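>>> Quick one, structure for this:
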Amino acid sequence: MKNQSCVTEFIFLGLLQDSKVEKILFVLFSLVYLATIGGNMIIVMTIIYSPALLDSPMYFFLIFLSLLDACTSSTVTPKIIVDFFYKRKTISFECCMIQLFAVHFFTGVEVIVLSAMAYDRYVAICKPLHYSSIMNRSLCGNLVVVAWVGGFLHSIIQIIFTLQLPFCGPNVIDHYMCDLFPLLKLACTDTHFFAILVFANSGTICIIIFFLLVASYGVILFSLRAQSSEGKFKALSTCGSHITVVVLFFVPCILTYARPTSAFSFEKNAVVFTTILTPLLNPMVYTFRNKEVKSAFRKMRKKLIVVSDKY
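Prediction:
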């Protein structure tokens with residue numbers, strides 16, 4: 001799909017324009033990226049090699065959440081780390097569009113996976129007698145398919161309209177990655193309609209799903225009144241982890257996309273949470289307070305030690 005663009009590359013200003021601070025950030029972001037990939041892959045391997053966990057819908061969704069976090073981080077963080085070595089941080093037009101698509105694709109899928117996890121907790125706590133019949137393998141598989149299709153549709157709509165924009169002059173982006181609002185500022189045309197589209201496709205979705213999730217957890221917490229003390233503690237621990245992840249993911253999204261194009265001057269700092277910090281924190285949130293995952297991880301580690309000792 002062609003437009004009237006003559007820009008072949010974009011220049012990022014990055015997070016900061018201080019070479020000394022960038023060296024510190026290089027080390028910090030490298031450690032964060034390694035911890036993100038390592039932490040999420042450990043969760044995936046732990047669940048896959050633990051049949052008891054794999055049979056649970058909650059951990060089935062957690063596998064996909066961990067994979068999505070690893071993918072989201074990988075679309076952004078390696079480029080930032082490499083750019084710390086260069087004074088002139090550039091990205092080609094094609095790679096910019098690929099990065100834009102990938103980030104919105106993976107985050108779009110994650111929104112639906114988080115919604116599926118909230119529904120799973122609702123059924124488990126509010127309809128425990130029907131849990132196994134409702135949250136069966138077929139439904140879980142269908143929800144994952146819906147998540148991937150929904151993420152693709154969300155992202156492809158953004159890309160199709162972005163490719164219609166003419167970029168014929170300025171190519172400096174005050175950001176560390178390609179995103180919608182920074183690109184809109186560089187377009188050589190009136191972008192009012194496109195800004196409304198971004199709000200409708202990203203901002204409105206973030207707001208609606210966020211409040212639906214908050215409402216669903218409110219219903220769950222309200223229903224806990226009839227539970228035993230032990231049941232309340234376990235449910236609150238699980239829901240607390242989910243609510244923490246939801247807040248960390250959705251609040252930066254709302255601040256970034258549910259606002260006018262010029263109303264938020266430190267957008268890139270908020271996006272750091274969604275693309276870099278949240279993928280790191282998710283494994284910590286789900287494992288540090290989860291006895292089942294920690295127990296399964298210890299068993300898997302013992303098996304690996306036994307196998308390594310044989311060789």
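
>>> Now do the buried residues in the host helix or strand of E22.
E22 belongs to helix 19-48 when assigned by DSSP states H and E. Within helix 19-48, the residues scored as buried using 16 or more other Cβ atoms under 10 Å are 22, 25-26, 29, 32-33, 36-37, 39-40, 42-47. C-beta here means a position set from N, CA and C on the backbone, and glycine is covered the same way.

>>> I'd like the next helix or strand past it.
Next along from helix 19-48, by DSSP H and E: helix 51-54.

>>> Report the backbone C-alpha coordinates of that following helix in CSV.
Output in CSV follows, covering the C-alpha atoms of helix 51-54 (Å, rounded to 0.1, in the frame of the first residue of the first chain):
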residue,chain,number,x,y,z
PRO,A,51,1.0,-31.7,34.5
ALA,A,52,-0.9,-30.6,37.6
LEU,A,53,-0.4,-26.9,36.7
LEU,A,54,-0.9,-27.4,32.9
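
>>> I'd like to know which elements it is packed against.
Applying 3 or more Cβ pairs under 8 Å, 6 or more residues apart in numbering; DSSP states H and E, we find helix 51-54 packed against helix 19-48, helix 291-310.

>>> give me every residue that touches the most centrally placed residue in the chain.
Nearest residue to the geometric centre of the chain (Cα atoms, centre = their mean): T107, 4.4 Å. Neighbour list for T107: T72, G151, C253, T274 [criterion: Cβ atoms under 8 Å, 6 or more residues apart in numbering].

>>> pretty sure the last one is touching C253, no?
Yes - judged on Cβ atoms under 8 Å, T274 makes contact with C253 at a distance of 6.0 Å.

>>> before we move on, the earlier item: mind telling me which of the helices and strands packed on helix 51-54 the model trusts least?
Lowest mean pLDDT within those: helix 291-310, a mean of 71.

>>> give me the low-pLDDT residue ranges for this structure?
The chain contains residues with pLDDT under 70 at 1-5, 226-232, 234-235, 238, 259-267, 288-289, 304-311.

>>> Just the strands from it, written as ranges.
Per DSSP state E, the chain carries strands over the ranges 9-12, 89-92, 172-173.

>>> Would you reformat the ones you listed as TSV and include distance to L114 and mean neighbour count?
Formatted as TSV, these follow (distance: least, Cβ to Cβ, whole Å; neighbours: other Cβ atoms under 10 Å):
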stretch	distance to L114	mean neighbour count
strand 9-12	29	18
strand 89-92	29	16
strand 172-173	29	17
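
>>> Redo these as JSON lines? Include distance to I207.
Listed next are those as JSON lines, based on distance: least, Cβ to Cβ, whole Å:
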{"stretch": "strand 9-12", "distance to I207": "28"}
{"stretch": "strand 89-92", "distance to I207": "30"}
{"stretch": "strand 172-173", "distance to I207": "26"}
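
>>> To C126, which of the ones you listed lies closest?
Smallest distance to C126 across the strands of the chain (Cβ to Cβ): 46.1 Å, for strand 172-173.

>>> Quick one: distance of that closest one to the chain centre.
24 Å (Cα atoms, centre = their mean, to the nearest Å).

>>> other SSEs contacting it?
If you count contacts as 3+ Cβ pairs under 8 Å, 6+ apart, strand 172-173 packs onto strand 9-12, helix 180-186.

>>> could these go into JSON lines alongside distance to A195?
Putting those into JSON lines (distance: least, Cβ to Cβ, whole Å) gives the following:
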{"stretch": "strand 9-12", "distance to A195": "19"}
{"stretch": "helix 180-186", "distance to A195": "6"}
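
>>> Out of these, the one nearest L67 is which?
L67 lies closest to helix 180-186 among the helices and strands packed on strand 172-173, at 24.3 Å (Cβ to Cβ).

>>> Mind jotting down where the helices sit in this protein?
Under the criterion DSSP state H, helices of the chain are mapped to 19-48, 51-54, 57-83, 93-126, 131-134, 137-162, 180-186, 192-198, 204-223, 229-257, 267-272, 278-288, 291-310.

>>> Any idea which of the ones you listed gets closest to G169?
So among these, helix 180-186 is nearest, using Cβ to Cβ, at 7.7 Å.

>>> And for the closest one, what's in contact with it?
7, 10, 96, 100, 158, 162, 165, 167, 169-175, 191, 194-195, 198, 202, 256-257, 261, 267.

>>> Buried residues, it. List them.
Buried positions in helix 180-186, judged by neighbour count with 16+ other Cβ under 10 Å: L180, F181, P182, L183, L184, L186.

>>> closest to F61 among these?
L180 (27.6 Å).

>>> ok so, going back, just the closest of the contacts of T107 to V145, please.
Taking Cβ to Cβ as the measure, V145 lies nearest G151 of those, at 10.9 Å.
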